[in-house]
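**Student:** sequence? don't have it. structure:
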């Protein structure tokens with residue numbers, strides 16, 4: 001296995017029911033300081049990171065009714081998916097939180113905890 005891929009736990013996979021592509025990665029040592037600032041007090045030793053991607057129907061950099069509706073659709077899809085995934089992980093005894101980097105979306109905090117219902121408050 002190439003050194004570049006040795007941190008990958010699950011290769012890119014598409015969830016056909018919602019159109020989200022995801023992969024699962026062991027946390028890289030260089031990521032830990034940044035994640036410790038975002039998640040203070042959380043033991044990140046065996047943390048896995050799950051980046052997601054969704055196909056969009058228009059240019060998301062643009063402003064206006066069409067891109068705004070598409071941004072909302074993508075965020076709602078992600079939140080619904082992350083809520084299910086986080087609930088399953090927590091039911092199995094794991095810590096989990098969904099984070100979106102969209103400007104209109106809360107990052108990490110009480111709003112995400114309430115929306116996703118999957119992280120300790």
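**Tutor:** Yes, it's here. Predicted, not measured: the structure shown is a model, and the values here were computed from it. Residues are numbered from 1 along each chain as shown.

**Student:** And the helices in the protein, which stretches?
**Tutor:** Taking DSSP state H, the helices of the chain run over residues 32-38, 65-91, 110-116.

**Student:** Run through the neighbouring helices and strands of the longest one.
**Tutor:** With contacts taken as 3 or more C-beta pairs under 8 Å, 6 or more residues apart in numbering; DSSP states H and E, helix 65-91 sits against strand 20-26, strand 52-54, helix 110-116. Quick note: C-beta positions are derived from backbone N, CA and C, even for glycine.

**Student:** show me where pLDDT drops low in this protein?
**Tutor:** Across the chain, the ranges flagged by pLDDT under 70 are 1-2, 101-121.

**Student:** rerun that using 50 as the cut-off
**Tutor:** Low-confidence segments of the chain, defined by pLDDT under 50: 104-121.

**Student:** Just list the residues touching residue 55, thanks.
**Tutor:** Residue 55 sits next to residue 19 when contact means C-beta atoms under 8 Å, 6 or more residues apart in numbering.

**Student:** meant to ask about residue 67
**Tutor:** 58-61.

**Student:** now these as CSV including neighbour count?
**Tutor:** Shown next, in CSV, are the contacts of residue 67 (neighbours: other C-beta atoms under 10 Å):
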residue, neighbour count
58, 13
59, 11
60, 13
61, 6
